[in-house]
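A.B. asks: Please work out how this folds:
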Amino acid sequence: MTEYLFQLSETSTGTLQARIQEMMVSAILNHHVKPGMPLPSGRKLATQLKVSRNTVVLAYQNLVDEGFIETRQRSGYYVCEDVLSGYANAKPKLEDSANSSVDWKKCFTTTPSQFISIKKQKNWQQYEYAFLYGQYNKEIFPIADWRECCRDAASVSAIYDWSSDQIDQDNADLIDQIHNKLLPRRGIFVDPNQILVTVGAQNAITLCAQLLLDSNKTIGIENPGYVDARNAFLTQTDKVACLDVDEDGLVINDKLNDCDCIYVTPSHQYPTTVTLPKERRVELLKQATKQDFLIIEDDYEAELTYNKKPLAALKSQDTDGRVIYIGSISKTLAPGIRLGFMVAPKEMIEEARVLRRLMLRHPPSNNQFIVARFLQRGYHDSLIRKLSLKLYQRSIIMRNQIDQSFPGEAQLSHHGGSALWLKGPDNLDSRELAKELMKEGVLIEPGDVFFYPMQEKCPYFRLGFSSLPQEKIAEGIKKVVKKVKELTKEA
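C.D. replies: The predicted model follows:
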């Protein structure tokens, strides 16, 4: 029986010893082997799994140490009799939702699943030409530097530090690095008590939505704009003012006057990538004071500026305490790291800290420790320089290829970024374009989802180039151009 029961998973990762241990624990906890049951000898299991006997013996010994199995003199290994003593003695029973008396539609006060969201292929890395925004570059990610910082976090003294209950406080070293290194880079100088670490920028946006909006408040959003920010705001209010965007970003006009709060992406407008010029920034701040509204500044991709000298953040010009600044460390490191920060007047940070505590207490302290070390040792600055150079090189290839053959318009970004916003011929349906290109191994992002309400037939689409190998760009663009011409000719 054990020949069929004990098989190494093809999908599990780690050393052979760790995989064997994982296999045995799974078999025990899933009741496939019962307490008191004898296990194969080390030699027999090694032969069956085609691994060395020492590997199996070491795995067995770890399981003995952890209390899953035990050795009996001159008899071998057995599953511990009390290994499942802490588990409820109940037979597995699948919930049958069809027979439930709960009317969940009446229970929910909001249904976020009804919102329109960006959908990306989970297996996007298997596509040869994945022009997706927001994915990190494996070639550039500083694995050795990151591992060094992770090893530091695994030292005894570090574990004693970050594993204790921090209640609602952030890692002091990380706050110090944000305060003295990241914010001055954007022209922002504030007290440390005006900084809050968040689980990525999205967490900060959601905190703002819950603290500043209700059904009577109006939120102004860029149109087109960031989908997940819009959805976070829609959980609090359906009073949404769609603000115009042109080749210079947010248009400052009377549409802002009826807003209680506006959300803006001045460094690289999402999704068009354009940068809000100085004149409009000054005008926006004046209008905010005059009309008494707040500004949420999402400064995403601010570091990835390579064409011109970057403009200082909108927050740096705020003399009236009206700008809530949101930054992200994940955008330059890797999206899975999920660390960002909020900068705002002390009153806002105090309330946000309490609300964050109710949600998740604080972002994982070990992650904060690692990122703090990564910043302290200059690895982040080095990564930004390398990343900006790579993106600059890729943007040139993208732009040249698009200018040569694309039958439409490409938004020109003077301040870098990692994506291009394109408008095809008026009769192009970018949703259909995306479906057809998938068949050829090409992924793009249709532009309809960025508009509110969503456009039924949209000629706009976005091409990200942060993770696509440089040598793939030209051929990928050719495939996109060819398919655009085919579809618009047929239409």
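
A.B. asks: how about the residue nearest to residue 238 when sequence neighbours are not counted, secondary structure?
C.D. replies: What sits nearest to residue 238 in space, not counting adjacent residues and going by CB to CB, 6 or more residues apart in numbering, is residue 215, at 7.4 Å. Using the backbone N, CA and C atoms, a C-beta is placed for each residue, glycine as well. Following DSSP: H, G, I helix; E, B strand; the rest coil, residue 215 is assigned to coil.

A.B. asks: got any ranges where the stretch 151-300 of the chain has weak pLDDT?
C.D. replies: Residues of the stretch 151-300 of the chain meeting the criterion pLDDT under 70: none.

A.B. asks: Can you show me the helices along it?
C.D. replies: All helices of the stretch 151-300 of the chain, identified by DSSP state H, counting those that start in this stretch, fall at 156-162, 172-177, 183-185, 200-212, 227-234, 278-291.

A.B. asks: would JSON lines of these with distance to residue 428 and mean neighbour count be doable?
C.D. replies: Formatted as JSON lines, these follow (distance: least, CB to CB, whole Å; neighbours: other CB atoms under 10 Å):
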{"stretch": "helix 156-162", "distance to residue 428": "51", "mean neighbour count": "12"}
{"stretch": "helix 172-177", "distance to residue 428": "45", "mean neighbour count": "18"}
{"stretch": "helix 183-185", "distance to residue 428": "39", "mean neighbour count": "16"}
{"stretch": "helix 200-212", "distance to residue 428": "31", "mean neighbour count": "23"}
{"stretch": "helix 227-234", "distance to residue 428": "21", "mean neighbour count": "22"}
{"stretch": "helix 278-291", "distance to residue 428": "30", "mean neighbour count": "16"}
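
A.B. asks: So the residue nearest to residue 238 sits against residue 239, correct?
C.D. replies: Yes. The pair residue 215 / residue 239 is scored as a contact, 7.5 Å apart, by CB atoms under 8 Å.

A.B. asks: Neighbour count: those two, which is higher?
C.D. replies: residue 239 (18 against 8; other CB atoms under 10 Å).

A.B. asks: The more buried one - nearest residue in space that isn't next to it in sequence?
C.D. replies: Closest to residue 239 by CB to CB, 6+ apart is residue 218, at 4.2 Å.

A.B. asks: Pull the contacting residues for the one you found.
C.D. replies: With contact taken as CB atoms under 8 Å, 6 or more residues apart in numbering, residue 218 is in contact with 237, 239-241, 258-261.

A.B. asks: among those residues, which ones are buried?
C.D. replies: 237, 239-241, 259-261 (16 or more other CB atoms under 10 Å).

A.B. asks: quick one: which of these sit in strands?
C.D. replies: Secondary structure from DSSP state E places 240-241, 261 of the buried ones among the contacts of residue 218 in strands.

A.B. asks: Can you lay out those residues as TSV showing distance to residue 20?
C.D. replies: Below are these laid out as TSV (distance: CB to CB, whole Å):
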residue	distance to residue 20
240	55
241	59
261	55
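
A.B. asks: Tell me the one of these nearest residue 484?
C.D. replies: Within these, the smallest distance to residue 484 is 31.5 Å, found for residue 240 (CB to CB).

A.B. asks: The closest one and residue 5: what is the separation?
C.D. replies: 56 Å (CB to CB, to the nearest Å).

A.B. asks: Could you do residue 38 as well?
C.D. replies: 13 Å.

A.B. asks: which of those two has more neighbours?
C.D. replies: Counting neighbours by other CB under 10 Å for residue 38 and for residue 5 shows that residue 38 has the greater number, 14 against 11.

A.B. asks: show me what contacts the more buried one?
C.D. replies: With CB under 8 Å, 6+ apart, residue 38 has these contacts: 75-78.

A.B. asks: switch the cut-off to 7 Å
C.D. replies: Residues in contact with residue 38 (CB atoms under 7 Å, 6 or more residues apart in numbering) are 76, 78.

A.B. asks: mind checking how far it is from residue 128?
C.D. replies: Counting by CB to CB, the gap from residue 38 to residue 128 is 51 Å.

A.B. asks: what's around residue 37, how many residues?
C.D. replies: Residues near residue 37, counting by other CB under 10 Å: 15.

A.B. asks: There's contact between it and residue 81 in this structure, I believe.
C.D. replies: No. Contact between residue 37 and residue 81 fails when scored by CB atoms under 7 Å: they sit 10.0 Å apart.

A.B. asks: Show the backbone phi and psi for residue 446.
C.D. replies: phi -60, psi 150 (degrees, to the nearest 10).

A.B. asks: That one bridge partners, please.
C.D. replies: Beta bridges link residue 446 to residue 461 when assigned by DSSP bridges.

A.B. asks: ok, it - how many residues close by?
C.D. replies: 22.

A.B. asks: ok, now the one 10 residues further on?
C.D. replies: Close neighbours of residue 456, defined as other CB under 10 Å, add up to 8.

A.B. asks: Setting the sequence-adjacent residues aside, check what's closest to it.
C.D. replies: residue 448 (7.4 Å).

A.B. asks: Contact partners for that neighbour?
C.D. replies: So residue 448 contacts 430-431, 454-455, 458 (CB under 7 Å, 6+ apart).

A.B. asks: What spatial separation is found between it and residue 433?
C.D. replies: 11 Å.

A.B. asks: out of the buried ones among the contacts of residue 218, who's nearest residue 199?
C.D. replies: When the buried ones among the contacts of residue 218 are compared against residue 199 (criterion: CB to CB), the nearest one is residue 261, at 21.5 Å.

A.B. asks: List the contacts of residue 57.
C.D. replies: residue 42.

A.B. asks: So for it, what's the pLDDT?
C.D. replies: Looking at residue 57, its pLDDT stands at 93.

A.B. asks: roughly how far apart are it and residue 74?
C.D. replies: 16 Å.

A.B. asks: With residue 259 instead?
C.D. replies: 80 Å.

A.B. asks: ok, now how distant is the residue nearest to residue 238 from residue 226?
C.D. replies: From residue 215 to residue 226 the distance is 22 Å (CB to CB).

A.B. asks: What of residue 303?
C.D. replies: Where residue 226 is concerned, residue 303 sits at a distance of 18 Å (CB to CB).

A.B. asks: got it, and residue 404?
C.D. replies: 31 Å.

A.B. asks: Return the distance of the longest helix seen in the chain from the chain's centre.
C.D. replies: If you go by DSSP state H, the chain has its longest helix at helix 379-405. Using CA atoms, centre = their mean, to the nearest Å, the distance from the centre of helix 379-405 to the centre of the chain it belongs to is 21 Å.
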